[in-house]
Each structure stands twice: as structure tokens, then as C-alpha cells.
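S.K.: fold the following.
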Amino acid sequence: MKKIAVLSSGGLDSYIAYRYAQTIHPGEVGVVFVNYGQPYFHKEKQAVEALHDHDGEDLTWVTADLAHFHLNNVPTVQQQEVFGRN
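M.R.: This is a model prediction of the structure:
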């Protein structure tokens, strides 16, 4: 059982956090990716799979349908920040 979870968006910062955690706690680190309804979900998912697939660790996929146009919280080109995400 993994003792440490690193949330990954497929970006460099989350991958570095994962690799750093692995150096301190080898074999105890798992990766979690959350689909919260972001419009670029598929690109992030592909990046997470590409970065973490070669390491052989288990990836945990979570769907938390939180972003909705009627709530006015879906990222746009003008407004990239998703409050509460990071």
C-alpha cells in the first residue's frame, strides 16, 4: 500500500514533486490525477500517463465533476486560474 500521494497535473512541478518524494520514500509514493471537469482534461491525462507510465507505479484517477459553465468556474483563455484547485 502506498503511503504518500502526489497529485499530478502532468506538469513539470508535479513530476518533480513525485520524483523528490520517491527519493525520500522509495516504493511508497503513488500518483493521483483529478478530473474536476476542466476543458483540457484529455491533454493533462495524456501528459500524466506519459510522465508516469515508464515508472510502473499505480496511477489513481479521480473524477470530481466540479467545473460547470453555469457556475462560471470553467477556465477560459482570459482566466486560467481555477480557485480552490491548487
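
S.K.: which stretches of the protein form strands?
M.R.: Along the chain, counting by DSSP state E, strands occupy 4-7, 29-35, 59-63.

S.K.: winner for burial among the ones you listed?
M.R.: strand 29-35 (a mean of 19; mean count of other CB atoms under 10 Å). For every residue, glycine as well, the C-beta is placed using N, CA and C.

S.K.: could you give the mean pLDDT of stretch 42-51?
M.R.: Averaging pLDDT along stretch 42-51 gives 86.

S.K.: now render the strands of the chain as JSON lines, adding distance to residue 13 and mean pLDDT.
M.R.: Converted to JSON lines, these look like this (distance: least, CB to CB, whole Å; pLDDT from 0 to 100):
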{"stretch": "strand 4-7", "distance to residue 13": "11", "mean pLDDT": "89"}
{"stretch": "strand 29-35", "distance to residue 13": "13", "mean pLDDT": "87"}
{"stretch": "strand 59-63", "distance to residue 13": "17", "mean pLDDT": "84"}
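
S.K.: so which of those strands comes closest to residue 46?
M.R.: strand 29-35 (10.8 Å; CB to CB).
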